[in-house]
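J.: sharing a model prediction with you, sequence too.
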Amino acid sequence: MEPIPLPSGFLQEHCSLPQQEKIKLAESLDKEYPIGIRKHPFKKLPFVHTTPIPWCAQGAYLLQKQNFALDPFWHAGHYYVQEPSSMVLEQVINQLSLNKNPIVALDACAAPGGKSTHLISLLHHESVLWCNEVSKSRSLILQENMVKWGFANQIITNNPVSRFKKLEQNFNLILVDAPCSGEGMFRKDRQSRLEWSGASVAHCSQRQQDILSDLMPALAPDGILIYSTCTFNEVENEGTVKWLLSNYNLGEVKINTQHLPGLEAGSYGYHCYPHKFAGEGFYFAVLQNQGGVPRTKRKEKPQSSMASHVREYVKSHFNDVTGVMSHFENFNLVNEAVLQQLRLFKDQFYFINAGIAIASQKGNRIVPHPHAAFSHQLKGDVFDCIFLDHLQALAFLRKQPIGSVESENGYKLVLHEQAHLGFINVIGTRYNNYFPDEWRLRLQ
Ligand code: SAM
């Protein structure tokens, strides 16, 4: 196949590096890119050959490429495949102690969920992470990834960010991983070289300002704003931060770069350049709100009570439960912070998920919800289990026959080694596969 050259204009007109550095950057963009995974903090992974990523405790470089779609552990949310530079987020969260106390956090441009799955793994368990995605189709991918990651303290919405204007001072942390011209993808996705134009830089910069101005009212006094892109140019990076600093009462927060070898400080924010940093092109800046007077918090309504048989079911099947809510015929594992956000804002947003749906009321029975399999709080040993080998597991994920199941009637948890894949309901000699249709593995 003919190699796709870097777009003309990218280095000459849009890259602010010195000439020698431009050459090194261009050379690095024609090399192989490193493959990163980030492990789930609570789900176990069988041994795979990896090298640690210094800035992310659960991050690892894979020594060879894999077809992740054929790995049941990937489907069960035991790890997330993520470009290593994006994992620098962990340094910001930990260094600013945003993981130490309960906070209300927003990932405003969240799909497909790389940073959301990372953030929720780092935050305090009494925090809530609100993940928003404007595109309907992408919000469904976000939902799949977040549900499979299995944390109860999540909210997923599918709204334009302008909707957040009204949520004055609601968030202690806002992450804007902005849509951008994507120059940082030129190595990993060579086709992206064909989609770039100088005009897209100007267009993206305006869109970034629009997104940020919609979100700024929702940032709490002292709140942290993390702005990031996967592009190199100054217009969308330093230019956007300069615009923020001159239009809002924000101060720049500096990061300790000790665990970030090769990270380059720009005039504002930080760059991961692939010729210096072991990852793809990425930029981030950390800003703190210095304006506004904290508003008094609204009085809370008491939590609605749950029927005792539901409480018993939840307690016996899940660990460390702090909240459950009923949602149509389902029961969802949540925490108090999720409930509070829903109480305050449920009429103003299109909520596509809150917490993890764990059970449904069917007549007078409580049965497991397909999503329950992915909750890291699930007590696997209370269910009857069906263990599948690798080929059977793929058949289950494709919703194809898995062979004869010799078991008593009822709901069974389906596993491949330690990976929870879903539930089947055995009825005599047949069974129903409850793996969600929309997540079905299509690759043969
Ligand atoms: N944070 C994600 C992750 O780590 O997996 C990647 C986010 S991607 C860089 C930017 C996202 O912004 C895309 O999902 C895109 O659909 C969304 N987006 C595009 N235009 C937008 C707009 N005008 N307002 C808000 N989000 C937008």
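T.: Yep, that arrived.
J.: rest of the way, CA atoms for contacts and neighbours
T.: OK.
J.: in PDB, list the C-alpha atoms belonging to stretch 327-338.
T.: In PDB, the C-alpha atoms belonging to stretch 327-338 read as follows (Å, rounded to 0.1, in the frame of the first residue of the first chain):
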ATOM      1  CA  HIS A 327     -35.700   2.700  37.500                       C
ATOM      2  CA  PHE A 328     -38.900   1.500  35.600                       C
ATOM      3  CA  GLU A 329     -38.900  -2.300  36.300                       C
ATOM      4  CA  ASN A 330     -35.100  -2.300  37.100                       C
ATOM      5  CA  PHE A 331     -33.000  -1.700  40.200                       C
ATOM      6  CA  ASN A 332     -29.800   0.200  39.800                       C
ATOM      7  CA  LEU A 333     -26.700   0.200  42.000                       C
ATOM      8  CA  VAL A 334     -25.800   3.800  42.600                       C
ATOM      9  CA  ASN A 335     -24.300   5.900  45.300                       C
ATOM     10  CA  GLU A 336     -25.700   8.900  47.200                       C
ATOM     11  CA  ALA A 337     -23.900  11.400  44.900                       C
ATOM     12  CA  VAL A 338     -25.600   9.900  41.800                       C
END
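J.: quick one: contacts of that stretch?
T.: Residues outside stretch 327-338 that contact it (CA atoms under 8 Å, 6 or more residues apart in numbering): 104, 126-128, 152-155, 321-326, 354-362, 369.
J.: do the same with stretch 239-250
T.: In contact with stretch 239-250 (CA under 8 Å, 6+ apart) are residues 205, 208, 209, 251, 268, 269, 285, 287, 288, 289, 290, 291.
J.: what secondary structure does the second one sit in?
T.: When you say that, I think you mean residue 208. helix (DSSP: H, G, I helix; E, B strand; the rest coil).
J.: going forward, begin numbering at 97 instead of 1
T.: Happy to do that; since the first residue is 97 now, the last one works out to residue 304.
J.: surely residue 490 is in contact with residue 164?
T.: No: at 11.8 Å, residue 490 and residue 164 do not qualify as touching, with contact defined as CA atoms under 8 Å.
J.: neighbour count winner among these two?
T.: More neighbours surround residue 490 than the other of residue 490 and residue 164, with 24 against 12 (other CA atoms under 10 Å).
J.: that one - that's part of a strand, no?
T.: No: Residue 490 sits outside any strand when classified using three-state DSSP, being helix.
J.: ok, it - contacts?
T.: Going by CA under 8 Å, 6+ apart, residue 490 touches 166, 168, 537.
J.: now tabulate those residues in CSV and tack on distance to the ligand and neighbour count.
T.: CSV is the format used below for those (distance: CA to the nearest ligand atom, whole Å; neighbours: other CA atoms under 10 Å):
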residue, distance to the ligand, neighbour count
166, 21, 17
168, 21, 24
537, 20, 17
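J.: checking the residue in the stretch 297-446 of the chain that the ligand sits nearest to next. Helix, strand or coil?
T.: Closest contact between the stretch 297-446 of the chain and the ligand, by CA to the nearest ligand atom, is at residue 307 (5.7 Å). Secondary structure for residue 307, judged by three-state DSSP, is helix.
J.: what's the closest non-adjacent residue to it?
T.: Nearest residue to residue 307, sequence neighbours excluded (CA to CA, 6 or more residues apart in numbering): residue 257, at 6.5 Å.
J.: can you name the residues that contact that neighbour?
T.: Contacts of residue 257 by CA under 8 Å, 6+ apart are 204, 228, 230, 307, 310, 311.
J.: again, but for residue 280
T.: Counting by CA under 8 Å, 6+ apart, residue 280 has contacts 326, 327, 328, 376, 377, 378.
J.: so what's residue 225 bridging to?
T.: Residue 225 has these beta-bridge partners by DSSP bridges: residue 201, residue 250.
J.: pretty sure it sits against residue 248.
T.: No: Residue 225 lies out of contact with residue 248 (CA under 8 Å); the separation is 9.7 Å.
J.: distance of residue 100 relative to residue 297?
T.: 20 Å (CA to CA, to the nearest Å).
J.: more neighbours, the two?
T.: Between residue 100 and residue 297, residue 297 has the larger neighbour count (other CA under 10 Å), namely 22 against 13.
J.: so that one, which of the three states?
T.: helix.
J.: skipping adjacent residues, who's closest to it in space?
T.: residue 277 (5.7 Å).
J.: look up phi and psi at that neighbour.
T.: The phi/psi pair for residue 277 (degrees, to the nearest 10) reads phi -80, psi -10.
J.: got it, and residue 352?
T.: Dihedral angles for residue 352 - degrees, to the nearest 10 - are phi -80, psi 120.
J.: give me every residue that touches it.
T.: Contacts of residue 352 by CA under 8 Å, 6+ apart are residue 191.
J.: which parts of the stretch 97-246 of the chain sit against the ligand?
T.: 205, 206, 207, 208, 209, 210, 211, 230, 231 (CA under 6 Å from any ligand atom).
J.: same thing but 5 Å
T.: Contacts of the stretch 97-246 of the chain with the ligand, taken as CA under 5 Å from any ligand atom, map to 205, 206, 207, 208, 209, 210, 211.
J.: could these go into a markdown table alongside neighbour count, pLDDT and secondary structure?
T.: A markdown table is the format used below for those (neighbours: other CA atoms under 10 Å; pLDDT from 0 to 100; DSSP: H, G, I helix; E, B strand; the rest coil):
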| residue | neighbour count | pLDDT | secondary structure |
| --- | --- | --- | --- |
| 205 | 24 | 98 | coil |
| 206 | 26 | 98 | coil |
| 207 | 25 | 98 | coil |
| 208 | 18 | 98 | coil |
| 209 | 25 | 98 | coil |
| 210 | 19 | 98 | helix |
| 211 | 21 | 98 | helix |
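J.: what sits closest to residue 140 if chain neighbours are left out?
T.: Nearest to residue 140 is residue 174, by CA to CA, 6+ apart, at 6.6 Å.
J.: would you confirm that that neighbour contacts residue 154?
T.: No: using CA under 8 Å, residue 174 is not in contact with residue 154; the gap is 11.1 Å.
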